[in-house]
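Trainee: Here is a sequence together with a model predicted from it:
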Amino acid sequence: MCLGIPGKVVEVTPSELGIVTGKVDFGGVVKDVNLSYTPEVAVGEYVVVHVGFSISTLDEQGAAEVFRYLEELGDVAELRDPPGGSG
Amino acid sequence: MRFVDEYRDAAPARRLIDAIRRRASRPHAVMEVCGGQTHTLIRFGIDELLQDALELIHGPGCPVCVTPLEKIDRALAIASRPGVIFTSYGDMLRVPGSSGDLLHAKAAGADVRFVYSPTDAVDLAERHPDREIVFFAVGFETTAPANAMAAWLAHRKGLRNFSLLVSHVRVPPAIRVILDDPDARVEGFIAPGHVCSVMGYREYEDLAAEYGVPFVVAGFEPLDLLHGLEMLVGMLEAGETGTRNQYVRTVRRDGNPQARRIMDEVFEVADMAWRGIGPIPESGLRLRGPYAAYDAETRFEVAGLTTTEPAVCIAGEVLQGRKKPHDCPAFGSACTPEHPLGAPMVSSEGACAAYHAFRRVRGAADAV
């Protein structure tokens, strides 16, 4: 139920009553999305979409930091258990 | 798909599994609260890969599963009225009420329609001024801003033929019930990432301080959950409480202020009964102020319709993490996704449906 799908914003359209709508591309499937809860989002940025509403913008730098940590975790594991070692 | 595929990469998953096993000096009992996270853990077999380091207890975070029986019965009563178009997210259509579900009502002639977004229901109200459009507003805090926007828009547009049957639940009071249980075994929690995208995680910092347990806010992909569990095991081994955020690409400490503003304008906190668990103080939301005029229970006079839950299944104990789905004698025999006895077998995020879809039966691991 709390499913949130990441997608790339391809169109932003301010409309009536201060509502911001737009189109979001989910790996080739483009859908109309209400962007009012991420009104600052620009075309090309990514949002998480839940029941037709964006609930968050995706922080690329935050994502990159996690992957750097996962890479380091590999380095540490290899220091502990060198390839070919008996573990 | 970007922000999905890279979180399913096997190499970092192996490194995280190794790290969790290395760090855990004994098996820790931890709970993932959200049903979406339960689904990922079971689908990818993460619970089985980590069974020597972690016992994963599945929490009550499936709004479809905890919607009380009497709300379903009220939905059925409203949907059967002449002139009503009853709209709902697809998940709710098959949840059994006292007599049948919303799809049965549709088969019997009721105008029940599945909507993708609550604004679709508002559009229907504009297009059919001669009909009463009712939207079944269920969900946790993730969904509350979207459902709130439907009431907000209807009010701004002056739509008198639109109303909401509200069954909203809040996560932190349910965690409190689990921690207050004298038999509580849960040592740490994976907090729900999309609820926190909206609400932030200050409420979890308060729970961590009050109960002395660690929380890690995590996402929904396999690497998110493995990384979150690795952080949680690290906190447990270090005796650290508090709340840390694995899902930094999406969750900020204060959540989404725009979403919270509309949610707070439309809804206020209220007591709520959870299916299988019972009443939990301040665990729900109701329409407030001018928005109370959009309450379908008042408009259709069904608030007096009450139902007692039959003791047909062990959903309550499954939802509180006391029992696993395959501990139920009806699991996979009398109760299946095609003929569910209880709601956790209906939603794909219900623990019973996840166990059934991925063939988790008691003793299967020993037989392989």
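Mentor: Happy to help now that I have it.
Trainee: With just CA atoms, put the longest strand along chain A into PDB.
Mentor: For chain A, the strand that runs over the most residues, judged by DSSP state E, is strand A:5-14. What follows is strand A:5-14, C-alpha atoms only, in PDB (Å, rounded to 0.1, in the frame of the first residue of the first chain):
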ATOM      1  CA  ILE A   5       7.900   4.300  -7.400                       C
ATOM      2  CA  PRO A   6      10.900   6.400  -8.500                       C
ATOM      3  CA  GLY A   7      10.500   8.200 -11.800                       C
ATOM      4  CA  LYS A   8      12.000  11.000 -13.900                       C
ATOM      5  CA  VAL A   9      10.100  14.200 -14.200                       C
ATOM      6  CA  VAL A  10       9.600  15.000 -17.900                       C
ATOM      7  CA  GLU A  11       7.000  17.900 -17.700                       C
ATOM      8  CA  VAL A  12       6.000  20.400 -15.000                       C
ATOM      9  CA  THR A  13       2.700  22.400 -15.400                       C
ATOM     10  CA  PRO A  14       1.400  24.800 -12.800                       C
END
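Trainee: For it, which residues meet the burial criterion?
Mentor: By neighbour count on 16 or more other Cβ atoms under 10 Å in any protein chain shown, the buried set for strand A:5-14 is A:5-9, A:12. C-beta here means a position set from N, CA and C on the backbone, and glycine is covered the same way.
Trainee: Against which helices or strands is it packed?
Mentor: Judged by 3 or more Cβ pairs under 8 Å, 6 or more residues apart in numbering or on different chains; DSSP states H and E, strand A:5-14 is in contact with strand A:20-26, strand A:29-34, strand A:46-50.
Trainee: Validate this expectation: B:H58 resides in a strand.
Mentor: Yes. Assessed with DSSP: H, G, I helix; E, B strand; the rest coil, B:H58 lies in a strand.
Trainee: Isn't it up against B:H39?
Mentor: No. Between B:H58 and B:H39 there is no contact under Cβ atoms under 8 Å: 9.8 Å.
Trainee: Compare these two (neighbour count), which wins?
Mentor: Counting neighbours by other Cβ atoms under 10 Å in any protein chain shown for B:H58 and for B:H39 shows that B:H58 has the greater number, 30 against 24.
Trainee: Residues in a beta bridge with the more buried one, which ones?
Mentor: Residues in a beta bridge with B:H58, per DSSP bridges, are B:E32.
Trainee: I'd like to know how far B:S347 sits from chain A.
Mentor: With distances taken as Cβ to the nearest Cβ, to the nearest Å, B:S347 is found 7 Å from chain A.
Trainee: quick one: low-confidence parts of the chain?
Mentor: No chain was given, so I picked chain A. Scanning chain A with the threshold set as pLDDT under 70 gives A:75-87.
Trainee: should've been chain B
Mentor: Per-residue confidence for chain B (pLDDT under 70) gives these ranges: B:309-312, B:362-368.
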